[in-house]
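Enquirer: next come a sequence and a model predicted from it.
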Amino acid sequence: MKNFDLPFLPERTQKPRKSGITMMMDKGLSNTQTEYIIESCGELIDFVKFGFGTSYLTKNLKIKLALYKEANINCYLGGTLFEAYAVRDMFDDYRRLLDELDLEVAEVSDGCIHIDQEKKLKYISELSNQVKVLSEVGSKSADVVLSDGEWISKMNSELKAGSWKVIAEARESGTIGIYDSEGGAKSEMIDHISEQVNAENIIWEAPQKAQQVWFINHFGANVNLGNIAPEEVIPLETLRLGLRGDTFFSFIPDDVAKPFK
Amino acid sequence: MKNFDLPFLPERTQKPRKSGITMMMDKGLSNTQTEYIIESCGELIDFVKFGFGTSYLTKNLKIKLALYKEANINCYLGGTLFEAYAVRDMFDDYRRLLDELDLEVAEVSDGCIHIDQEKKLKYISELSNQVKVLSEVGSKSADVVLSDGEWISKMNSELKAGSWKVIAEARESGTIGIYDSEGGAKSEMIDHISEQVNAENIIWEAPQKAQQVWFINHFGANVNLGNIAPEEVIPLETLRLGLRGDTFFSFIPDDVAKPFK
Amino acid sequence: MKNFDLPFLPERTQKPRKSGITMMMDKGLSNTQTEYIIESCGELIDFVKFGFGTSYLTKNLKIKLALYKEANINCYLGGTLFEAYAVRDMFDDYRRLLDELDLEVAEVSDGCIHIDQEKKLKYISELSNQVKVLSEVGSKSADVVLSDGEWISKMNSELKAGSWKVIAEARESGTIGIYDSEGGAKSEMIDHISEQVNAENIIWEAPQKAQQVWFINHFGANVNLGNIAPEEVIPLETLRLGLRGDTFFSFIPDDVAKPFK
């Protein structure tokens, strides 16, 4: 399937992936664009998030959903849209919307609004009877800072309540939550989290290349990464495989690499 | 036309819009790309600017113009091209070019070159007999800083001379004119301007998301915004509708929002 | 071929270009995208680099190669892939790969790995019997800083060994090698290099607009530039022609320009 043979490439998981997941953010691609994304890298994409409320505006939404489905890509509506329903006290309408669109995945988040954790867990639990739930931990506001313990307890309680994976919030910009305002990974915090939460159950939002590099070098080729821009799906895969400068030596045995360092 | 019903969304103006205008910058899209932009969000775009001199190089320019026209999108040549003709003393050739391309809109600007305001007003006045004129105020150079009074008097005199709208210069980067070098909105200056010039007559160039957010929160969903990148047209519309984190609470009644803040 | 006539535009070289070269970076475009890039600006592109190891993942790679070839665009595999073969001691496999893909150009680089200059020259010399060689000077690591003399001697020895052009490394980001960490051109160093190496034989990687502007204003419209993003090929050409703000006055005679400055 790949174009040539090279030794010392890490083994990548295959669909349906439980780890090594790539979640792409679709901010309003046309159906034509969707087709050529699938053409060029559909097998590398596990989940597509229709970012924030863009799905409200998508022309021929059902055609788009069918295109992704045929390529074995799971689509879901961005968490901000879930919150837009929740703030309007329209959770039942949201559930009907998921059915009407025949969606198999849904995100539960509290990035824009404050929801008591108990209520969030109830949303997760109820939705998990209908769809696969991805729940997001972390606020979109720089003013809300969670302690390591809060990240851990939220993640574990949401997984227990029925979330298939938990997502660590970073926004499209990658400057919040698990990153500082410059986009640098909060490594100590991330280490604490991954000691207490099974890292295979976490999808790390990592829109910036340096963030993707950090996670691959820290957790390996098959770390779960999200908020990947469409044109960065293939470049990310080269990072996972050690075929880009930043991870060039990550998977090559020391004795092979040594003379070239 | 939208995919689902949600209360508390601001009412958006419809084409042909006098306010709530979105002006997209086309830096050389192929005709195929033009087709899928129109497919996915043509109804959200009022004006397309062929950035700077890119129209000189566009293959099958008349086909592109026909595609946009059929979608009720007004195209115009970037102001830098007007200035390229003006500096060569070829204003009459420019007028012929507009005719030959069957354009209905033209920009008059002095972002690269110095033109006496009187001469600029004459250009505006003459062109306004031929096409709808958008005139731009502000320099592309960081060295040229206009006082609040200069912004106001230029804008009002250009509107009086025949401009349909005036554009506040920010460049593709969004770091000049109405913004500081970091892209932050000069809020006091913008307030002064909007007290003295009817804001419905101003198109604010706002290429960065934070700038779009600032203007929507300041002037409402139907503020006129320009220099929007093609892939940001739909994300901008979600900001206008309060369906993205940054404007999530902007249009929700206080009593509904309160428990979630 | 151009859409209108304007005096005082610099004369651009035509294909097959020896100077005035534009090298575009393809990070994984689908074949459909490749088609519309060629449709809109194929004549402006001389070389396409399949960035780092992306060619490993390209679907229908031979169709993509045929599309570019038909448009008289020379494709080559990114230097990182050459290094991936070199570090594995698979140089002969690399040569077979070039044959199998029917490639006419290859890059030799040492941006990720350390190779003795003598060995690099041998690679260049051997490959130059098979294909046109572009060799890259400069490291991808900020820790490796070459002196002016090292840049010059490496470039000249590689040209002598058989390189058709040498490439000055800057990465996709444009913050290394010939630039400082903010992307600013190291002008004194570049001047030293161009005094001792025929500038027509150098392709300067210049992904950022300010860098393109700097080189055009320094070396003229027909400077060789590389690592250009697909959507920036047409904007770059407007810079080369003086049809964008940043180079607006670069090619206009002083007496014409003076009243407008």
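Expert: Thanks, I have the structure now. The structure presented is a predicted model; accordingly, all values stated were derived computationally and were not measured.
Enquirer: OK, contacts around residue A:208?
Expert: Residues near residue A:208 by CB atoms under 8 Å, 6 or more residues apart in numbering or on different chains: A:174, A:183. Using the backbone N, CA and C atoms, a C-beta is placed for each residue, glycine as well.
Enquirer: okay, and the spatially most central residue of chain A sits in which element?
Expert: In chain A, the C-alpha nearest the mean C-alpha coordinate belongs to residue A:226, at 2.9 Å (CA atoms, centre = their mean). Element membership for residue A:226, per DSSP states H and E: strand A:225-228.
Enquirer: other SSEs contacting the helix or strand just after that strand?
Expert: Later in the chain than strand A:225-228, the nearest helix or strand by DSSP H and E is helix A:233-241. When contacts are defined as 3 or more CB pairs under 8 Å, 6 or more residues apart in numbering or on different chains; DSSP states H and E, helix A:233-241 packs onto strand A:22-26, helix A:31-41, helix A:209-219.
Enquirer: any stretches of the stretch 1-150 of chain A with poor pLDDT?
Expert: A:1 (pLDDT under 70).
Enquirer: show me where it has its strands.
Expert: Counting by DSSP state E, counting those that start in this stretch, residue ranges of the strands within the stretch 1-150 of chain A are A:22-26, A:47-50, A:74-77, A:105-108, A:132-137.
Enquirer: what about the residue in the stretch 1-150 of chain A positioned nearest to chain B, neighbour count?
Expert: Going by CB to the nearest CB, chain B is nearest to residue A:53 of the stretch 1-150 of chain A, at 2.5 Å. Counted with other CB atoms under 10 Å in any protein chain shown, residues neighbouring residue A:53 total 28.
Enquirer: got the contact list for the nearest residue to it once chain neighbours are set aside?
Expert: Take residue A:53 and drop its neighbours on the chain: the residue closest to it by CB to CB, 6 or more residues apart in numbering or on different chains is residue B:243, 2.5 Å away. Residue B:243 makes contact with A:52-54, A:56, A:80-81, A:84, B:9 under the criterion CB under 8 Å, 6+ apart.
Enquirer: so how far is residue A:261 from residue A:255?
Expert: Separation of residue A:255 from residue A:261 (CB to CB, to the nearest Å): 11 Å.
Enquirer: between the two, which one's more packed in?
Expert: residue A:261 (11 against 7).
Enquirer: all helices for chain A, in order.
Expert: A:31-41, A:61-70, A:79-87, A:91-100, A:117-127, A:148-161, A:187-196, A:209-219, A:233-241, A:254-257 (DSSP state H).
Enquirer: report the beta-bridge partner residues of the residue lying closest to the residue nearest to the centre of chain A once chain neighbours are set aside.
Expert: Once flanking residues are discounted, residue A:226 sits nearest to residue A:23: 3.7 Å by CB to CB, 6+ apart. Beta-bridge partners recorded for residue A:23 (DSSP bridges): residue A:47.
Enquirer: just to check, residue A:23 is in contact with residue A:50?
Expert: No: using CB atoms under 8 Å, residue A:23 is not in contact with residue A:50; the gap is 11.6 Å.
Enquirer: dump the strands of the stretch 1-150 of chain A into JSON lines; add mean neighbour count and distance to residue C:103 as well.
Expert: Listed next are these as JSON lines, based on neighbours: other CB atoms under 10 Å in any protein chain shown; distance: least, CB to CB, whole Å:
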{"stretch": "strand A:22-26", "mean neighbour count": "24", "distance to residue C:103": "29"}
{"stretch": "strand A:47-50", "mean neighbour count": "26", "distance to residue C:103": "34"}
{"stretch": "strand A:74-77", "mean neighbour count": "23", "distance to residue C:103": "38"}
{"stretch": "strand A:105-108", "mean neighbour count": "24", "distance to residue C:103": "42"}
{"stretch": "strand A:132-137", "mean neighbour count": "25", "distance to residue C:103": "43"}
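Enquirer: quick one: these as a markdown table, columns for distance to residue C:139 too.
Expert: What follows is the strands of the stretch 1-150 of chain A, written out as a markdown table (distance: least, CB to CB, whole Å):
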| stretch | distance to residue C:139 |
| --- | --- |
| strand A:22-26 | 29 |
| strand A:47-50 | 37 |
| strand A:74-77 | 41 |
| strand A:105-108 | 42 |
| strand A:132-137 | 39 |
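Enquirer: the strand holding residue A:226 pairs with which strands?
Expert: Partners of strand A:225-228 in its sheet, by DSSP bridges: strand A:22-26 (parallel), strand A:202-205 (parallel).
Enquirer: would JSON lines of the ones you listed with distance to residue C:209 be doable?
Expert: Output for the strands paired with strand A:225-228, formatted as JSON lines (distance: least, CB to CB, whole Å):
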{"stretch": "strand A:22-26", "distance to residue C:209": "25"}
{"stretch": "strand A:202-205", "distance to residue C:209": "28"}
